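Trainee: Next input, structure requested:
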Amino acid sequence: MRQLPSCLLLLPVLPEELILEILFRVPVRFLKRFMCVCKSWKTLISSSQFEKEHFRTSFSVTSMTHQRLVTLTNDDWKSITTCSMRSLFEDLLVPPKTVSLRVEPRWVYIIGSCNGLLCLSDDFGLFKLRNPFTGSASKRSPTIDVMWRTISQYGFGYDQVNDKYKVLITSNGETKVHTFGTNYWTTIQTFPSALPPECWDKVGQFVSGALNWLVLERDRIISFDLEKETYGEVLLPHNMDGDLPCNHVLHVLNNCLCLCYFTDIHCVVWLMKKYGIQESWTKMMLIPHYKIPVRNNNASFRVRPLCISENGVVLLETNENQLVMYDTKNGEVYYPSKIFGTYRVDIHIYHESYAPELAPKVRKGCRSNGCKNPPVGKFGYCDFHRSKSQARQRKRAAKRRKLEDTAHPAAIE
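Mentor: Numbers count the residues shown, from 1 in each chain. Next up, the predicted model:
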C-alpha cells in the first residue's frame with residue numbers, strides 16, 4: 001500500500017463542529033462545489049437544517065457579501081436579473097456583472113423577497129416562489145378569481161413558528177391568505193380601516209414575522225401577524241408632527257422598519273431599531289432636497305432607502321426608477337452606472353440562500369433526446385429506449401469479457 005507523504009500525516013483533523021462553523025460562513029456560490037468533496041458533505045449541505053443555519057449565520061453578517069439587487073427585466077426576454085451589492089458599492093464607474101434567470105412571460109410582478117426566496121405573481125391571481133440562486137421553484141398557488149388591478153394591498157412573508165411562507169392579498173374589500181404547500185386560500189378578517197385604498201400603502205413590508213402597511217391619512221402603521229393571522233398597530237415616531245411631512249414611504253432597511261418622507265427642505269429617514277417599540281424610532285438622516293434630483297417638478301416624488309453600507313453610504317431608489325447613492329458623512333451624492341435594462345419592475349433586496357428544492361423535479365419525457373414518451377423505471381428511459389439501452393449494455397459487457405479473455409488466456413495444461 002502506498003503511504004501518504006509525511007507532510008500530510010502531520011495535518012490536523014478538524015473537529016466536526018468546527019467544520020460546520022466554517023461551512024456556515026462559506027458564500028452560497030461555493031456550496032455546490034463543496035458537495036462534491038464527499039457523500040457526507042453532500043448529505044449535510046442538502047439538508048434543510050443546514051440551509052436554515054447557513055442563512056441565519058450569513059444574515060447576521062453586517063457586510064454585503066450575501067446581498068444582491070434583484071428585479072424582473074424584459075429587454076430581450078422575461079428574466080429575474082440580479083447583481084452583487086458589494087460590487088455596486090466598490091466601483092461606481094463600472095457596472096456590476098448581472099446574472100439572469102429566464103422565467104415564463106406570465107410572471108410580471110415581484111411581490112417580495114424573504115429568506116432568499118422571491119414571490120412572483122401574474123396578472124390573474126397566480127403566485128409562485130422562486131430561488132434565483134438554485135433556480136428551484138414551488139408549485140403555483142391555486143387560482144383565485146381576482147385581477148391584479150383590483151388588488152389594493154398585498155404582502156409576502158415567513159411564519160417562523162410553523163415554518164411556512166404566506167402571501168396576503170386584499171381585493172374588492174375581501175382579504176385572503178395562501179400558505180405555500182397547501183392548495184387553498186383562506187378568507188380572513190378584512191383590514192381594520194374604512195379608508196379608501198388610495199390612502200394605504202399597497203405593498204406590506206415584512207419585518208419580525210409581520211407585514212406592515214402605512215395608513216397615509218391617519219399616520220399609523222397597520223401590522224398583520226403571519227403566525228396568528230391577526231392585525232395590530234405600530235406607532236409612528238413621537239416628534240415628527242413638527243416636520244409637516246408629505247410623500248411618506250414605508251420600507252425595510254437593515255431588517256428594520258424604515259420611514260421616509262419629505263419636508264419643506266429635507267428628505268427625512270427614520271429607523272425603528274426594535275420592532276413594535278415606539279421609543280426605538282431614531283432619526284437616521286436628513287438629506288437636503290437639492291441633493292436628490294426631481295424630474296419635471298414631480299409633486300408625488302418619493303424615495304425608498306434600499307441599503308446602507310458599513311461606511312454610511314445609502315442606496316436610494318426614486319419612484320422615477322433612478323438609483324442614487326448618498327454619503328451620510330460628507331453629504332456627497334453619487335449616481336451608479338446603469339445596471340438593469342429599461343424595462344423593469346421595482347428593485348428588491350435579495351439575500352442569497354442555498355435553500356433546498358422547493359418542489360421535486362419530475363421528468364416529463366424520456367432521457368433520450370427528442371423522445372417525448374413517458375419514462376419508465378428509475379433511469380428515466382421509455383420502454384423503447386430502455387430496451388435499446390439494455391442492448392448496448394449487453395454489447396459492452398460482451399466486448400469487455402472478450403478483452404479480459406485476450407489479456408489473461410487460460411493456462412494450457
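
Trainee: In the protein, spot the helix with the most residues.
Mentor: helix 383-407 (DSSP state H).

Trainee: Give me the helices and strands touching it, please.
Mentor: Helices and strands in packing contact with helix 383-407 are not found; criterion 3 or more C-beta pairs under 8 Å, 6 or more residues apart in numbering; DSSP states H and E. The way it works is simple: take the backbone N, C-alpha and C, and place the C-beta from them, glycine included.

Trainee: From the chain's centroid, how far away is it?
Mentor: Distance of helix 383-407 from the chain centroid (C-alpha atoms, centre = their mean, to the nearest Å) equals 48 Å.

Trainee: how about the helices in the chain?
Mentor: With DSSP H as the criterion, the chain has helices at 6-9, 16-24, 28-34, 39-46, 48-60, 85-90, 383-407.

Trainee: other SSEs contacting the third one?
Mentor: Contacts of helix 28-34 with other secondary structure elements, assessed using 3+ C-beta pairs under 8 Å, 6+ apart, are made with helix 39-46, helix 48-60.

Trainee: chain center to the longest one: distance?
Mentor: Spelled out, it's helix 48-60. Taking mean C-alpha positions (C-alpha atoms, centre = their mean), helix 48-60 and its chain are 14 Å apart.

Trainee: Check stretch 159-172 too.
Mentor: Distance of stretch 159-172 from its chain centroid, counting by C-alpha atoms, centre = their mean, is 16 Å.

Trainee: In it, which residues are buried?
Mentor: By neighbour count with 16 or more other C-beta atoms under 10 Å, stretch 159-172 contains the buried residues 159, 165, 166, 167, 168, 169, 170, 171.

Trainee: Can you get me a residue count around the closest residue to the last one other than its chain neighbours?
Mentor: With sequence-adjacent residues excluded and distances taken as C-beta to C-beta, 6 or more residues apart in numbering, residue 171 is closest to residue 146, at 4.3 Å. Residue 146 is surrounded by 18 other residues when neighbours are defined as other C-beta atoms under 10 Å.

Trainee: how much space between residue 146 and residue 154?
Mentor: With distances taken as C-beta to C-beta, to the nearest Å, residue 146 is found 10 Å from residue 154.

Trainee: so how far is residue 225 from residue 311?
Mentor: Using C-beta to C-beta, residue 311 is found at 36 Å from residue 225.

Trainee: coming back round to it: just the ones of the buried residues of stretch 159-172 in strands?
Mentor: The members of the buried residues of stretch 159-172 that map onto strands under DSSP state E are 159, 165, 166, 167, 168, 169, 170, 171.

Trainee: Now tell me which of the residues you listed the prediction trusts least.
Mentor: Ranked by pLDDT, those bottom out at residue 171, which scores 84.

Trainee: you'd agree it is up against residue 151?
Mentor: Yes. Residue 171 sits in contact with residue 151 when judged by C-beta atoms under 8 Å, with a separation of 5.0 Å.

Trainee: Please identify every residue contacting each of these two.
Mentor: Contact with both residue 171 and residue 151 is made by no residue, according to C-beta atoms under 8 Å, 6 or more residues apart in numbering.

Trainee: List the beta-bridge partners for residue 182.
Mentor: In this structure, residue 182 bridges to residue 180 when assessed by DSSP bridges.
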